[in-house]
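Trainee: here are the coordinates; sequence isn't available:
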């Protein structure tokens, strides 16, 4: 069965620090990978997605993620975070079943 | 504006009193889904629908029903709500079987069952 693990449940950073949020999935076949963001009190929004091609994917707001097939990972990165990046971040994967499986989320708090 | 609209945004109800949470999308999407979001558990799929009159169970369907009589609407029905169904619910839609666009999510319904 497909599953997604997000290792960090809470992350606290100062503004301008670099960010990397871990995401690992378990599925042997072809996968599509996503990162969603949920700002306080709002619905989920798509940050970026990977289907095929260049494993380094660039998304909105300066975020990027790298798909490393050998490690079953799809980590989210941002070189310099801002206070407005405070949110909850969800990694998600879909495979042959076409179901979208979410990780448990990482709460990011950026201190000004 | 392309969107998924859920109603109500907030709902407090008592155990056993039937309720319906509505979901409507204006993008002509075929695929719609309901999720519940609980702290530490992420989002878990309740039911999904591939198209009109085609629905299937997700990972946590117990205690819920859905229907898809029209393409744009996908209501979630709790026939006899219980306190363990207190949660934040999201409806989502997608263009189809492919994941080209990812999901578009509604703004959520925060349900409290007392």
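Mentor: Right, received. Where do you want to start? Since we're looking at a predicted model, the values are computed, not measured.

Trainee: Residues contacting the longest strand seen in chain B, please?
Mentor: As assigned by DSSP state E, the longest strand anywhere in chain B is strand B:42-51. Outside strand B:42-51, the residues that touch it by CB atoms under 8 Å, 6 or more residues apart in numbering or on different chains are A:4, A:6, A:44, A:90, A:99-105, B:30-38, B:55-61, B:64-66, B:68, B:71, B:74, B:76, B:89-90, B:97. All C-beta spots, glycine's among them, are computed from the backbone N, C-alpha and C.

Trainee: What ranges in the chain fall below the confidence cut-off?
Mentor: Going with chain A. A:1, A:96-98 (pLDDT under 70).

Trainee: I was thinking of chain B, sorry if that wasn't clear
Mentor: B:96-101.

Trainee: Give me the nearest residue to the residue minimising distance to the centre of it, chain neighbours excluded.
Mentor: Taking CA atoms, centre = their mean as the criterion, residue B:34 is the residue nearest the geometric centre of chain B, at 2.9 Å. Spatially, and ignoring its direct neighbours in sequence, residue B:34 is nearest to residue B:46 (4.3 Å; CB to CB, 6 or more residues apart in numbering or on different chains).

Trainee: cool, and residue A:56?
Mentor: residue A:66 (5.2 Å).

Trainee: Dig out what residue B:35 forms beta bridges with.
Mentor: When bridges are called by DSSP bridges, residue B:35 pairs up with residue B:45, residue B:90.

Trainee: How much space separates it from residue A:3?
Mentor: 16 Å (CB to CB, to the nearest Å).

Trainee: So which of those two has more stuff around it?
Mentor: Between residue B:35 and residue A:3, counted using other CB atoms under 10 Å in any protein chain shown, the more crowded position is residue B:35 (27 against 11).

Trainee: Please list all residues in contact with the more buried one.
Mentor: By CB under 8 Å, 6+ apart, the neighbours of residue B:35 are A:102, B:43, B:44, B:45, B:46, B:58, B:89, B:90, B:91, B:92.

Trainee: Now with 7 Å, please.
Mentor: By CB atoms under 7 Å, 6 or more residues apart in numbering or on different chains, the contact set of residue B:35 is B:43, B:44, B:45, B:46, B:90, B:92.
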